[in-house]
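K.L.:
One predicted model, sequence on top.
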Amino acid sequence: MRKILGRTIQVIGWLCAGWFGVAGGMFTAVYLMGFIGTGGREAGSELVLALGVTLGGVLVGLLVAKLGGWVSSYNSRFEA
C-alpha cells in the first residue's frame, strides 16, 4: 500500500512540476517579449513575479515528487 501511495504522490509531483514549467514558462516568455520589445520600460515587475512563481512551483513539484519517492521506499522497523 505504501508503494502505491508513494508512486501516486511522485506522479502528482512530476505532473505539477511539469504544469508549472509549461504554463509559467509561457507567461514568463510573454512578459519577457514585452520587456525586450519596450527596451526594459514595461513588464519588468511582472516578469520577475512570473519567473519567481514559475521557479517556485517547479521546485515545490519536484519536492513533492521526492517526498513520494521517500514514502515508497520507506522501511519501517515495526513492520511484520
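P.N.:
That came through, no problem. Numbers count the residues shown, from 1 in each chain.
K.L.:
Whichever helix or strand Thr8 is part of: which residues count as buried?
P.N.:
Here Thr8, judged by DSSP states H and E, is contained in helix 2-19. Across helix 2-19, burial judged by 16 or more other C-beta atoms under 10 Å covers 6, 9-10, 13, 16-17. To be clear about C-beta, it is placed using only N, CA and C from the backbone, and glycine gets the same treatment.
K.L.:
Just the closest of these to Ser72, please.
P.N.:
For the buried residues of helix 2-19, the minimum distance to Ser72 (C-beta to C-beta) is 2.5 Å, reached by Gly6.
K.L.:
looking at it, the closest one is touching Ser73, isn't it?
P.N.:
Yes - using C-beta atoms under 8 Å, Gly6 is in contact with Ser73, at 7.1 Å.
K.L.:
in this protein, which spans are helices?
P.N.:
2-19, 25-37, 44-73 (DSSP state H).
K.L.:
pLDDT of the last one, averaged?
P.N.:
Looking at helix 44-73 alone, the average pLDDT works out to 94.
K.L.:
Could you name the helices and strands sitting against it?
P.N.:
helix 2-19, helix 25-37 (3 or more C-beta pairs under 8 Å, 6 or more residues apart in numbering; DSSP states H and E).
K.L.:
Present those helices as TSV; the columns should include mean pLDDT.
P.N.:
Compiled in TSV, these are given as follows (pLDDT from 0 to 100):
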stretch	mean pLDDT
helix 2-19	95
helix 25-37	94
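K.L.:
any chance of the ones you listed in JSON lines, with distance to Ala50 too?
P.N.:
Below are the helices and strands packed on helix 44-73 laid out as JSON lines (distance: least, C-beta to C-beta, whole Å):
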{"stretch": "helix 2-19", "distance to Ala50": "15"}
{"stretch": "helix 25-37", "distance to Ala50": "5"}
